[in-house]
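1. no sequence on this one, just coordinates:
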């Protein structure tokens, strides 16, 4: 079993929809949680960074962490075709290196 | 402001050949990383360098060597390429505060025949 599980998709939604991207994990020591966005043939870019549990909002993006369920989510409001990309979750414990999910492909149709 | 620059962008090698992947960052970051990305596997850490003069193994270091040439540059060397090393390789950099990769290059696509 992988430490971090992420549905590969593709997830296809119409423009303007609310998108929910999710990851589950098994290591209870994880306390730093990140979301990266990766466009085709490009490197990942850091989108959201959250420490421990709770929510963090940045524009149309909201990151949510539920440590009791070992579950993290990224919500995208008013999705745009430019949001079409692969979204990678990543997490680590204190002083440890990041463990990445395999990524979810998102397609937003205009 | 270029960020993280990787060269080359594409390379085809024969089994047993050697090559060095180059990476340079212009953000004055202390930490630098080398990852490989394979379908369905996510990003896996090969080696990292927390600061100039130090390097450490990551999750999948076998078959690779690295050099932190100075604060800007971190190279990855394949001494004797194998087909299992066919992958997309990403270099990344980050600050001491986060101790995590924050900025990635656009990758080197490496095929080994």
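-> Nice, I can see it. Because the structure is a prediction, the values reported are computed rather than measured. Residues are numbered from 1 along each chain as shown, chains lettered A, B, ... in the order given.
2. how about the residue in chain A that chain B sits nearest to, what does it touch?
-> Of all residues in chain A, residue A:43 sits closest to chain B, at 3.2 Å by C-beta to the nearest C-beta. To be clear about C-beta, it is placed using only N, CA and C from the backbone, and glycine gets the same treatment. Residues in contact with residue A:43 (C-beta atoms under 8 Å, 6 or more residues apart in numbering or on different chains) are B:4, B:90, B:92, B:104, B:105, B:106, B:107.
3. tell me the contacts of the first one?
-> So that's residue B:4. So residue B:4 contacts A:43, B:23, B:24, B:25, B:27, B:91, B:92, B:93, B:103, B:104, B:105 (C-beta under 8 Å, 6+ apart).
4. and the residue of chain B found nearest chain A, what are its bridge partners?
-> Residue nearest to chain A within chain B: residue B:104 (3.2 Å; C-beta to the nearest C-beta). The residues listed as beta-bridge partners of residue B:104 by DSSP bridges are residue B:92.
5. out of the contacts of residue B:4, which is most surrounded?
-> In terms of neighbours by other C-beta atoms under 10 Å in any protein chain shown, those top out with residue B:91 at 30 neighbours.
6. just checking, that residue touches residue B:104?
-> Yes: using C-beta atoms under 8 Å, residue B:91 makes contact with residue B:104 at a distance of 7.2 Å.
7. wait, residue A:76 sits on residue A:63?
-> No: shown here, residue A:76 and residue A:63 do not form a contact pair, counting by C-beta under 8 Å, at 10.5 Å.
8. Got phi/psi on residue B:83?
-> phi -50, psi -30 (degrees, to the nearest 10).
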